[in-house]
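Visitor: when you get a sec, could you give me coordinates for this:
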Amino acid sequence: MNEKILVVDDEKAILKYLDQLLTQEGFQVRRASDGEEAIAVFKSEPFDVVITDIRMPGMDGSEVVKQVKALDKNAEVIILTGFAMFDIAIKSLRDDGACDYLIKPLESPDELLIAIKRALEKRKLRIENTRLLSELEKAKTDLESKVHERTRDLELANLELSKSIRKLNCLFGISYLRQKTDLSTEELIRGILDIIPPAFQYPEICCARVVLEDQAFETSGFKETLQKLSGSIAVNDQEIGILEVCYMEEIPDNIYEPFQKEEERLVNSISEWLGKIIEKERSDETLRKAHDGLEQRVRERTAELVASNKALEREIRANKHAEDELLKSRNVLEKVFDGIPEPLLMLDRDMSVKILNKAAKIYYGVPEDQDIIGSPCYEKLAKRMTPCEECLIFSEISNGQPVTFERKGFMNPDRFERVTVYNLSETEEGVIVGINDVTDAKLMAKLEEEEKLAEAVIEAKSEFVAGLVKIDLCSHYELLRFWLSYLTEMPFKFMR
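Guide: Just a heads-up that it's a prediction; the model follows:
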């Protein structure tokens with residue numbers, strides 16, 4: 001696996017995780033911590049797939065998609081986004097050329113690997129389609145060039161023949177036959193054979209024959225004699241047959257040469273012309289078969305692309321349905337949260353706010369029209385740039401264990417609060433934070449404790465007075481022993 005992937009994210013931990021994951025899968029991985037660095041790296045070397053975060057300082061993920069597609073239209077881009085960036089991610093898919101998006105945090109590594117596989121398949125299909133279209137265009141150009149070249153050669157040959165032996169009706173007849181495009185090769189040869197004898201000096205005793213590979217075509221009453229002219233029929237410089245013209249009877253004695261020079265040139269010209277006709281016919285047949293084969297490949301490939309496009313459309317519809325269902329689930333969850341009277345927050349691992357119910361907005365004094373989803377809680381709620389050092393919620397998120405603790409009121413230090421932190425699930429990182437005001441409960445407990453103490457004092461006082469009445473006041477010893485006994489038992493009475 002030699003595919004190259006460029007990973008872009010401003011969070012070093014995510015970059016390191018994606019680099020290790022994709023490297024283990026056999027991909028060649030390069031990192032970039034922001035959009036400007038990503039474009040610089042992409043310009044320096046090609047990549048098959050780019051994975052970019054949508055939200056980054058400086059150049060965001062949408063601009064990265066635009067510039068990558070401008071540099072290489074075949075490169076595929078996968079967007080990583082959070083809940084708050086849905087609209088931007090969808091716009092980038094629709095308008096900028098991104099092929100897919102994933103919600104952070106990822107549910108599993110397989111989700112990313114499947115998206116990369118789809119992107120690579122899409123890139124491969126696009127490149128293959130471009131290559132096939134280029135081959136088709138080249139084949140069409142080559143075919144037109146060869147047809148033009150062959151046609152030009154034949155026209156030049158016909159022109160030369162017309163100039164050389166224009167007085168011979170044979171050439172006119174041959175030209176006429178050539179113009180009849182509905183003739184087969186066999187019909188053409190027979191037609192030429194019928195035209196040849198009248199073109200010679202002694203047509204009444206002239207006969208002709210064409211031997212073509214394993215076939216022979218003859219004029220009526222053909223007879224081979226010593227008075228013969230012959231011309232080789234060649235295709236692609238390979239002899240495939242012969243044209244023979246004979247006189248079936250001896251010519252008059254006063255004729256020194258039975259055939260004239262023009263007749264010799266005519267036989268050679270016809271033989272050559274026959275070779276070119278057959279060569280063109282065979283070339284056309286070869287080109288026709290190649291063209292038909294190429295068209296068949298294009299049709300098959302087009303059918304595959306149509307099927308792939310339909311699959312992609314189904315996948316897009318499924319993704320859209322999943323997005324709608326996710327939005328519905330989010331709306332239901334927000335309604336459930338808003339129905340709880342106590343302040344509730346949902347935070348992710350980096351302390352960013354995912355959901356804030358109405359009670360929490362009232363508690364923290366957040367206006368209804370202010371959107372703080374996706375922002376760190378310490379930034380929007382505590383007006384700080386870093387997490388609060390005394391915040392136990394941050395440490396409990398790091399520990400990953402549910403916990404309950406009490407603290408002075410975050411918004412009103414004169415109040416007391418009980419804070420409960422729950423983990424979302426084993427697969428989804430983050431916590432739900434519930435805040436309860438326990439000031440009144442603590443005051444009630446304190447009042448109950450003071451009432452019990454007062455009752456114990458009253459009871460002790462009554463016992464003390466009753467004891468004094470029974471003691472002989474004139475006996476100092478008895479009085480001293482009563483005091484010691486009362487003081488020894490008094491703490492236990494108060495404890496009750």
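Visitor: helix or strand: which one has residue 230?
Guide: With elements delineated by DSSP states H and E, residue 230 resides in strand 228-235, which encompasses its position.
Visitor: in terms of secondary structure, what does that strand contact?
Guide: With contacts taken as 3 or more CB pairs under 8 Å, 6 or more residues apart in numbering; DSSP states H and E, strand 228-235 sits against strand 238-247, helix 261-339. Backbone N, C-alpha and C define where each C-beta goes, glycine included.
Visitor: tell me the strands beside it, with direction?
Guide: Applying DSSP bridges to the sheet, strand 228-235 is found paired with strand 238-247 (antiparallel).
Visitor: contacts for the strand it pairs with?
Guide: Residues outside strand 238-247 that contact it (CB atoms under 8 Å, 6 or more residues apart in numbering) are 196, 200, 202, 205-213, 222-225, 227-234, 258-259, 263, 267, 270-271, 274-275, 278.
Visitor: okay, the angle between that strand and helix 261-339?
Guide: Computed by axes from the mean of the first three to the mean of the last three CA atoms, to 10 degrees, the angle separating strand 238-247 from helix 261-339 equals 150 degrees.
Visitor: where does the stretch 201-350 of the chain dip in pLDDT?
Guide: In the prediction, the stretch 201-350 of the chain carries residues with pLDDT under 70 at positions 252-256, 330, 333.
Visitor: what about 80?
Guide: For the stretch 201-350 of the chain, residues meeting the criterion pLDDT under 80 lie at 251-257, 323, 326-327, 329-338, 349-350.
Visitor: for the closest residue to residue 384 other than its chain neighbours, what are its contacts?
Guide: Among residues not flanking residue 384 along the chain, residue 378 sits closest, at 4.6 Å (CB to CB, 6 or more residues apart in numbering). For residue 378, the contact set (CB under 8 Å, 6+ apart) comprises 351, 384-388, 391.
Visitor: just residue 48 next, same as before
Guide: Applying CB under 8 Å, 6+ apart as the definition, the contact partners of residue 48 turn out to be 3-5, 75-76, 119-120, 123.
Visitor: could you rerun that using 6 Å?
Guide: If a contact means CB atoms under 6 Å, 6 or more residues apart in numbering, then residue 48 has 3-4 as its contacts.
Visitor: could you report the separation of it from residue 37?
Guide: Residue 48 sits at a distance of 19 Å from residue 37 (criterion: CB to CB, to the nearest Å).
Visitor: coming back round to it: run through who's touching the strand holding residue 230.
Guide: Defining contact as CB under 6 Å, 6+ apart, one finds that strand 228-235 is touched by 239-246, 259, 264, 267-268, 271, 274-275, 278-279.
Visitor: buried among those residues? Make that a PyMOL selection.
Guide: Per 16 or more other CB atoms under 10 Å, the buried members of these correspond to this PyMOL selection:
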select buried, resi 240+241+242+243+244+245+246+259+267+271+274+275+278+279
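Visitor: so what's residue 347 bridging to?
Guide: Judged by DSSP bridges, the bridge partners of residue 347 are residue 353, residue 431.
Visitor: what number of residues lie near it?
Guide: By other CB atoms under 10 Å, 23 other residues sit near residue 347.
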